[in-house]
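[1] kindly generate the corresponding structure for this input.
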Amino acid sequence: GLLGYLFLGDLGGEDYAANAGMLDIQLALQWVQDNIENFGGDPDNVMVWGESGGGAKTACVYTMPGAANLFHKASIESAAPLALATRNGATERARRTLAALGVGEADLGLLMDMPAEKLLEVQQGSDMPMGEAPWAETPAVPGFGAFVDGTILPQNPFAPGVAPFATD
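    Numbering: from 1, shown residues only. Model prediction:
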């Protein structure tokens, strides 16, 4: 949702990370690597699995260079995205969100003091449609979710060819 995927990087600079929700998942995988032996697990045999929205996140994880060494296999039960939203689409979603919140692009710092309830109200508001699937024929404004940003998620999970870091 908005709290993990509102992308302000192209509007406010590098202080506003792209795909923060996916970076949270990457940190969780790092925690597993650092701690799994304490629970009888094998850090050299970590599987990522997801169903529905978790399936979409699983597809994204094996497209993330930063997560490549943190797991060894992945399984998706459903909802794997064939194509993610684009960076431009995520920026357009951010512009619409800022307008709905009454925050100008020059005043992004105001978001830090805004109650989470207000942010979630805008996310769920009927005047803020979530948009079509990002792979639709017409240009779509995606909902809040992972997107191809060129760094954290350099390509679509099922783009032709395999990401060089994932060949093994």
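[2] read off the pLDDT value for the residue located most distally from the centre of the chain.
    Within the chain, residue 40 marks the point farthest from the mean C-alpha position, 30.2 Å out by C-alpha atoms, centre = their mean. We note a pLDDT of 97 for residue 40 in this prediction.
[3] look up phi and psi at it.
    With angles defined as degrees, to the nearest 10, residue 40 sits at phi 80, psi 10.
[4] again, but for the one 5 residues further on
    Phi and psi for residue 45, reported as degrees, to the nearest 10, are phi -150, psi 60.
[5] leaving out chain neighbours, which residue sits closest to the residue nearest the centre of the chain?
    In the chain, the C-alpha nearest the mean C-alpha coordinate belongs to residue 146, at 2.6 Å (C-alpha atoms, centre = their mean). Closest residue in space to residue 146, ignoring its immediate chain neighbours: residue 60 at 4.6 Å, by C-beta to C-beta, 6 or more residues apart in numbering. Heads up, the C-betas are built off the backbone N, CA and C, glycines and all.
[6] what about the helix or strand the one you found falls within, distance to the chain center?
    Assigned by DSSP states H and E, residue 60 falls within helix 53-61. Using C-alpha atoms, centre = their mean, to the nearest Å, the distance from the centre of helix 53-61 to the centre of the chain it belongs to is 9 Å.
[7] how about it as PDB, C-alpha atoms only?
    C-alpha atoms of helix 53-61 as PDB (Å, rounded to 0.1, in the frame of the first residue of the first chain):
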ATOM      1  CA  GLY A  53      -0.100 -10.600  -3.000                       C
ATOM      2  CA  GLY A  54       2.700 -12.700  -1.400                       C
ATOM      3  CA  GLY A  55       3.200 -14.400  -4.800                       C
ATOM      4  CA  ALA A  56       3.600 -11.000  -6.400                       C
ATOM      5  CA  LYS A  57       6.200 -10.100  -3.800                       C
ATOM      6  CA  THR A  58       8.000 -13.400  -4.300                       C
ATOM      7  CA  ALA A  59       8.200 -12.700  -8.000                       C
ATOM      8  CA  CYS A  60       9.700  -9.300  -7.200                       C
ATOM      9  CA  VAL A  61      12.200 -10.700  -4.700                       C
END
